[in-house]
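A.B. asks: Model the structure of this input:
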Amino acid sequence: MGNYAITFARSARKELENLDIDTATKIFHKIEELSIECRPQGCHKLKGDINLWRIRMGDYRVIYAIDDKYKHVDITAIKHRSEAYR
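C.D. replies: As a prediction, this is how the structure comes out:
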């Protein structure tokens with residue numbers, strides 16, 4: 001796959017900053033892994049959107065967009081599973 005650059009939407013960065021440190025650290029490490037493999041085992045493409053994917057991290061969901069042409073992953077949301085699909 002190669003290395004992809006990772007960026008965060010401002011709202012996703014705030015969501016990550018508002019989590020407890022242990023949860024935030026685990027999620028951040030999982031996000032870092034997306035730079036190497038942006039479609040890891042267990043990821044799912046979201047229905048209804050051309051380019052949104054999600055990975056699960058315990059009770060949280062990381063929603064992101066992939067741009068293969070420019071090798072870029074944009075983290076759009078980090079939400080508790082009860083709020084992720086509203």
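
A.B. asks: Run through the residues that contact the residue nearest the centre of the chain.
C.D. replies: To find the centre residue of the chain, average its C-alpha atoms and take the closest one (C-alpha atoms, centre = their mean): that gives residue 62, at 3.5 Å. With contacts defined as C-beta atoms under 8 Å, 6 or more residues apart in numbering, the neighbours of residue 62 are 27, 30-31, 54-55, 75, 77-78. Bear in mind the C-beta positions are built from the backbone N, C-alpha and C, glycine included.

A.B. asks: shaky segments in the chain?
C.D. replies: Low-confidence segments of the chain, defined by pLDDT under 70, span residues 1-2, 49, 85-86.

A.B. asks: redo that, cut-off 90
C.D. replies: The model of the chain has pLDDT under 90 over residues 1-2, 47-51, 58, 81-86.

A.B. asks: Tell me where it has helices.
C.D. replies: According to DSSP state H, the chain carries its helices in the segments 10-17, 21-33.

A.B. asks: need those in a markdown table with mean neighbour count and distance to residue 50, can you?
C.D. replies: Formatted as a markdown table, these follow (neighbours: other C-beta atoms under 10 Å; distance: least, C-beta to C-beta, whole Å):
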| stretch | mean neighbour count | distance to residue 50 |
| --- | --- | --- |
| helix 10-17 | 14 | 19 |
| helix 21-33 | 14 | 21 |
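
A.B. asks: Reformat these as a markdown table; add distance to residue 70.
C.D. replies: Below are these laid out as a markdown table (distance: least, C-beta to C-beta, whole Å):
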| stretch | distance to residue 70 |
| --- | --- |
| helix 10-17 | 19 |
| helix 21-33 | 18 |
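
A.B. asks: mind checking which of the ones you listed is nearest residue 48?
C.D. replies: Of all those, the one in closest proximity to residue 48, counting by C-beta to C-beta, is helix 10-17 (19.4 Å).

A.B. asks: For residue 58, see how far away the residue of the chain most remote from its centre is.
C.D. replies: Computed with C-alpha atoms, centre = their mean, the maximum C-alpha offset from the centroid of the chain is found at residue 69, amounting to 18.4 Å. Going from residue 69 to residue 58 by C-beta to C-beta, to the nearest Å gives 32 Å.
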